[in-house]
Every structure is written in C-alpha cells, then in structure tokens.
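Peer 1: Next comes the sequence, and after it the predicted model I'd like to discuss.
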Amino acid sequence: MNLWERIKFSLSRFMYGRYGADQFSRAIVTASLILLVLTYALGIPLFWYLSFAGYIYAIFRMFSRNIDKRSQENQAFLNKTAHLRTEYSQFKVRWRNRKQYKYFKCPQCRTRMRLTRGVGEKQITCRNCQHTFKQKA
Ligand SMILES: [Zn+2]
C-alpha cells in the first residue's frame, strides 16, 4: 500500500459509522461562507464568530455517530425549506423557458400559468378558480 492508499484507507475507517455531509450541513457551510464574506465586507466582527460557530457545528454533524438524530435534523431542515426550494427550482425552469413561454399569474387566485409566446391575445379561464381574463403573449 502506498501512502495515498493508506491515507484513503484510514480516512474511510475514520468515517465509518459517522454521519457525513447532508443538505443541512451544506446549507450551514454556505451560510457560514456568506457570513465570512460579510464580516470583511461590512466590518462586523459578530459575523465572524457566527461563521466560525457554523463551521464547527457543520463539522460536528459530519463526524457525529448519532445518525438518527442527524437525519431527523436534516429532514426538519428539508421540510422547512421545501417551499423555498420548490420556488427556486420553478424559477429556474421559467427562466430557461422565458423565450418560449410568457408566464403570468391569475389576477384572482395568483395561480401560475403560461402561454406560448406569439399566440396573441387569448381568453384565459383559470383552472383553479374559473376566473376568466384576457392575456397577451
Ligand atoms: Zn385563478
């Protein structure tokens, strides 16, 4: 075994039975990085301490052997951010297709809809609240 293989082997033995990285840990690391940038951008020392605490907590979670507890925390994080993550992924789709479709909301119930661009003015009936209105695309 060469040195690199020995390092890989001892690292995998060290990580065996430990939780590792998940979405919650990655979010903590990202938030800590943003706080670190803000520390120097705004000159607020408190942000440095918060950033440092975030890294420590993320490392603690990765090396934790209490896998049940860590996955519960991750699930709680995912549940709390579900709406935000859905909004973001839908925004990416709308942005990708912005030249093909015109996106708009029902003026009454705010349901999102789309029309193929270039169809002209159309009479729209909302499938959610049956409100009818005209929309150009
Ligand atoms: Zn509607």
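Peer 2: Arrived safely, thanks for sending.
Peer 1: From here on, just use CA atoms for contacts and neighbour counts.
Peer 2: Noted.
Peer 1: In space, not sequence, find me the middle residue of the chain.
Peer 2: The residue lying closest to the centre of the chain (CA atoms, centre = their mean) is Arg85, at 4.9 Å.
Peer 1: List the buried residues for the strand or helix carrying it?
Peer 2: Element membership of Arg85, judged by DSSP states H and E, is helix 67-96. Neighbour counts over helix 67-96 (16 or more other CA atoms under 10 Å) mark 67, 70, 74, 94 as buried.
Peer 1: Repeat that for stretch 96-108.
Peer 2: 101-103, 106.
Peer 1: between the residues you listed, which is closest to the ion?
Peer 2: Cys106 (4.6 Å; CA to the ion).
Peer 1: ok, that closest one - contacts?
Peer 2: By CA atoms under 8 Å, 6 or more residues apart in numbering, the contact set of Cys106 is 112-113, 126, 131.
Peer 1: ChimeraX command to pick out the buried ones of these?
Peer 2: A single ChimeraX command suffices to select whichever of the contacts of Cys106 are buried according to 16+ other CA under 10 Å:
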select :126
